[in-house]
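Participant: With the input below, show me the fold.
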Amino acid sequence: MKQKRTLGATLSRPRLLGMVWPFIAVVLFQALLGCVSLYVLSAVRGYVAGESLWSKGQKDAIYYLTLYADNRDPATYLKYQQAIAVPQGGHELRIALDRPTADLAAARLGILKGGNHPDDVSSLIWLYLNFRHFSYLEKAIELWTVGDGYLVQLDDLAQAMHRAISSDQVSSSDVREWKGRITAINDGVTPAAKAFSDALGEGSRVILRLLLITNLATALGLIALALLRTHKLLTQRHAFASALQAEKERAQITLESIGDGVITTDVDGAIAYMNPAAEALTHWKTAQAQGLPLAALFSLLDENAEPDAFTLLEHVIKGELGGGSEHSKLIQRVDGSTVSVTLVGAPIRSAGKVSGAVLVLHDMTQERQYIANLSWQATHDALTGLANRREFEFRLEQVLQQVARQQNPRHALMFLDLDQFKLVNDTCGHAAGDELLRHICALLQSDLREGDTLARLGGDEFGILLENCPAAVAEKIAESLRHTVQSLHFVWKGRPFMTTVSIGLVHISQTPTTLETSLRAADMACYMAKEKGRNRVQVYHADDSELSLRFGEMAWVQRLHMALDENRFCLYAQEISPLGQTDGGNGHIEILLRLHDEAGRIILPDSFIPAAERYGLMTSLDRWVVENVFKLIADCIGERPGRPMAMCAINLSGITIGDDEFFGFLREKFTAYNIPPAMICFEITETSAIANLGSAIRFINELKALGCHFSLDDFCAGMSSFAYLKHLPVDFLKIDGSFVKDMLDDPINRAMVEVINHIGHVMGKRTIAEFVETPQIEQALLEIGVDYAQGYLIERPQLFTFDSLQCRPVRPQPLVFKAPGTFR
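Facilitator: The predicted structure is shown next:
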């Protein structure tokens, strides 16, 4: 892999920026260095110029002050002030920049007062602030400070002289004293000014030398870099040529060793090259085939073994066999034999013109065999070789689709369940059970007609489909099968077993039916055969539906007791999402009950709730739900303290509402798990609330006093709701899904949703729409003003976990176009 990446890097097209960026960087650096050099030199030049002006100003000031002592003319004193102002500007510049926080405004005024050009202001300040501790500049500043001291002495003397002259109190001795002091100041300031000038000059010369050396070093670096880059480019060119040759050799070896046939031709279709796989596929050698047209090697057929109208070369040139998809074809060799292949081809282009073609042929013989084996395995049982459940249901579906088109159809469906098969597995092991199944399958197959379908549906369950079989014949076959199984004397390691079978038989007639209905009827008939004592045939009749339902419910009672004992129930959660403006809550979810059956499948509550209600198990189920919901909430609070959590809606049955002990149970659980009552919302159906109105009102009021919320489910399903609604102190109304799901097509249903939402809002209750499954329904509910939505569009039920309790993010809402006439 590393070698491949290196080769790819070598053969990649060089990029201009990758080649010249070092030169660009050096040039930019040198340009920047030149700009900085000019800026520094400009600042030094500014100080040199300023020093010249300040020295001249000092000399002029001394001259005019000496003259003023002699002539005492105010005009002479004014000239002194104008002359001293220039060096005072330099003094003010230094004082402003030496402060703890530099006074830039005062520094600018000092520079301008000192006679420097306005364009030099920024560079003078920059140089002083950034290079004040540079040796030469630091020495110059020290001398500057000394000179400023003399300047202050001179100005103090001038002011004293001016006051004395103005008051006409001057004697000849005063004049001599003044001139002596002026001479002393002049003798002191002149060496300092000269030393300051020399320090600035030496500093500028040092800086010039440093900048010259830096620029020369940069130029030498650029020359060295150019030599290095040129050497690298030459090395890359050599590596490119070597890699190209290696790649050519590798491609040749690859073509020789791959399992797919590769054929190249010129533009006229004459063979130029064939790899060994192509030789084996076409039964031609490369030396024999070179120069021959493709048609001499084989002809191309379509999937129906019909000759293709176009030549293979025409397909390739037109790009019809390009990569990206498989093109299944048959090729017929010269000896007449055929082989299935997939073809990929592409034209070879040179200078923008097609100069030939390359064709890749992949032998599909093994793949087709694999596909056939997989197809058989997908539709058959590995142990018995019979059709499996999937194939059986497919064939039954085909028969059911033909029933409506047939005159007097006669078909039969049977479910067979071996009696006491588990005893064989438990006592002798699965090997004995497998052997018994193979024996029984052989016997059952021998009693069926040709064309009948026998399938193993799972475990010891079998299905039989009898097509075009009259009812009497089907029942006779069923009895024959029962007798055959009963007559089998199975012996495993000297231990005999009696075998019997329970059979459910369903006659498929002209009456329209579905696959699910037919399978359920056969399963029900088989179950009834077992309930009536096993080893019998039970024929399903439509008028036995009530009895079948009773049998099914009785079976559910035992299954529910076992599920409670084995803790095979589980909880799911489904989000109830706010529509439009949210109320700032932490979210709202409904807790849903599911059952893991004996085989581990998930069973929806519609299958077992009717039996639980009929035989008094709903209170136990409701207690199980409350216990487990509270436990998960308590665990979540313990592990994730302080996080906002969603309100949980728990469904309660009408029987539970009327249970006087259930309220005490709830208080105990609230205390035991320390659950905030405001997190819980109990859902009760409209019909159960109205059927137990007094108990419901009392139950709701007692729990609302604790802080719980209530929701009235399936509202308006009974059409007697509005008369009782004002008596039920619930917080939420759940609009029955039968109105919501068809509201876009049925104006009456939409009107019902609008009325329920309006009346709920008038009564101060929030509304929840069920069965929200499309964005169009969500948009309509948003227009109406419904508060919350629940359905597959919002969220499919998910396993109830810690994540279910977390505050849900706000869903983006569609734009609302308020329809006229809707209640808001």
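Participant: The stretch 451-600 of the chain: strands as residue ranges?
Facilitator: 453-458, 461-466, 489-492, 495-498, 500-508, 537-539, 569-575, 577-578, 588-596 (DSSP state E, counting those that start in this stretch).
Participant: With mean neighbour count and distance to residue 716 as added columns, please give those in JSON lines.
Facilitator: (Each C-beta comes from the backbone N, C-alpha and C, glycine too.) Converted to JSON lines, the strands of the stretch 451-600 of the chain look like this (neighbours: other C-beta atoms under 10 Å; distance: least, C-beta to C-beta, whole Å):
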{"stretch": "strand 453-458", "mean neighbour count": "20", "distance to residue 716": "43"}
{"stretch": "strand 461-466", "mean neighbour count": "24", "distance to residue 716": "44"}
{"stretch": "strand 489-492", "mean neighbour count": "13", "distance to residue 716": "61"}
{"stretch": "strand 495-498", "mean neighbour count": "12", "distance to residue 716": "59"}
{"stretch": "strand 500-508", "mean neighbour count": "24", "distance to residue 716": "39"}
{"stretch": "strand 537-539", "mean neighbour count": "21", "distance to residue 716": "42"}
{"stretch": "strand 569-575", "mean neighbour count": "19", "distance to residue 716": "21"}
{"stretch": "strand 577-578", "mean neighbour count": "22", "distance to residue 716": "21"}
{"stretch": "strand 588-596", "mean neighbour count": "21", "distance to residue 716": "19"}
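Participant: Among those, which comes closest to residue 52?
Facilitator: Proximity to residue 52 (C-beta to C-beta) singles out strand 577-578 among the strands of the stretch 451-600 of the chain, at 81.5 Å.
Participant: what's the distance between residue 347 and residue 289?
Facilitator: 20 Å (C-beta to C-beta, to the nearest Å).
Participant: for the longest strand along the chain, what is the average pLDDT?
Facilitator: For the chain, the strand with the greatest residue count under DSSP state E is strand 338-350. Averaged across strand 338-350, the pLDDT comes to 78.
Participant: cool, and stretch 144-156?
Facilitator: Rounded mean pLDDT across stretch 144-156 is 76.
Participant: residues making contact with it?
Facilitator: By C-beta atoms under 8 Å, 6 or more residues apart in numbering, the surrounding residues in contact with stretch 144-156 are 58, 61-62, 65, 84, 87-88, 90-91, 94, 181-182, 185, 188-189, 192-193, 196.
Participant: mind checking how far that stretch is from the chain centre?
Facilitator: 76 Å (C-alpha atoms, centre = their mean, to the nearest Å).
Participant: helices or strands next to the one helix or strand residue 224 maps to in the packing?
Facilitator: Residue 224 belongs to helix 172-257 when assigned by DSSP states H and E. For helix 172-257, the packing partners by 3 or more C-beta pairs under 8 Å, 6 or more residues apart in numbering; DSSP states H and E come out as helix 2-11, helix 16-71, helix 135-166.
Participant: returning to what we had before: looking only at neighbour counts, state which of residue 347 and residue 289 leads.
Facilitator: residue 289 (21 against 17; other C-beta atoms under 10 Å).
Participant: Report the spatially nearest residue to that one, omitting neighbours in sequence.
Facilitator: By the measure of C-beta to C-beta, 6 or more residues apart in numbering, the closest residue to residue 289 outside its immediate chain neighbours is residue 271, 4.5 Å from it.
Participant: Could you do residue 383 as well?
Facilitator: residue 434 (5.9 Å).
Participant: do residue 643 as well
Facilitator: In space, not counting the residues next to it along the chain, residue 643 is nearest to residue 806; the distance is 6.6 Å by C-beta to C-beta, 6+ apart.
Participant: pLDDT value on that neighbour, please?
Facilitator: 76.
Participant: cool, residue 400 as well?
Facilitator: 87.
Participant: Numbering from 58 from now on, please.
Facilitator: Okay, residue one is now 58; in that scheme the one you just asked about reads as residue 457.
Participant: Check which residues of the strand or helix carrying it are buried.
Facilitator: In this structure, residue 457 sits in helix 446-460 according to DSSP H and E. Neighbour-count burial for helix 446-460, counted by 16 or more other C-beta atoms under 10 Å, picks out 446, 448-450, 452-453, 456-457, 460.
Participant: Which residues does that helix contact?
Facilitator: Outside helix 446-460, the residues that reach it (C-beta under 8 Å, 6+ apart) are 435-437, 444, 466, 468, 470, 510, 512-515, 520, 522, 524, 565-567, 569-572, 575-576.
Participant: Check which element follows it along the chain.
Facilitator: strand 468-476.
Participant: Can you give the distance of that next one from its chain's centre?
Facilitator: On C-alpha atoms, centre = their mean, the centre of strand 468-476 falls 49 Å from that of its chain.
Participant: tilt between it and strand 557-565?
Facilitator: Angle of strand 468-476 versus strand 557-565, following axes from the mean of the first three to the mean of the last three C-alpha atoms, to 10 degrees, is 160 degrees.
Participant: Quick check: next helix or strand after strand 468-476?
Facilitator: Sequence-wise, the next helix or strand downstream of strand 468-476 (DSSP H and E) is helix 478-485.
Participant: so which strand or helix has residue 386?
Facilitator: Here residue 386 is assigned to strand 384-390, by DSSP H and E.
Participant: May I see the buried residues of that strand?
Facilitator: Neighbour counts using 16+ other C-beta under 10 Å place 386-388 of strand 384-390 among the buried residues.
Participant: pLDDT of that strand, averaged?
Facilitator: Strand 384-390 comes out at a mean pLDDT of 73.
Participant: That one - contacts with which helices or strands?
Facilitator: Going by 3+ C-beta pairs under 8 Å, 6+ apart, strand 384-390 lies up against helix 333-339, strand 355-358, strand 395-407.
Participant: 7 Å instead, please
Facilitator: When contacts are defined as 3 or more C-beta pairs under 7 Å, 6 or more residues apart in numbering; DSSP states H and E, strand 384-390 sits against strand 355-358, strand 395-407.
Participant: Of those, give the one that comes closest to residue 303.
Facilitator: Of all the helices and strands packed on strand 384-390, it is strand 395-407 that lies closest to residue 303, at 21.7 Å by C-beta to C-beta.
Participant: Tell me the first helix or strand C-terminal of the closest one.
Facilitator: For strand 395-407, the succeeding helix or strand toward the C-terminus, using DSSP H and E, is strand 410-420.
Participant: Indicate each strand paired with that next one and its parallel or antiparallel sense.
Facilitator: Looking at strand 410-420 with DSSP bridges, its partner strands are strand 318-323 (antiparallel), strand 395-407 (antiparallel).
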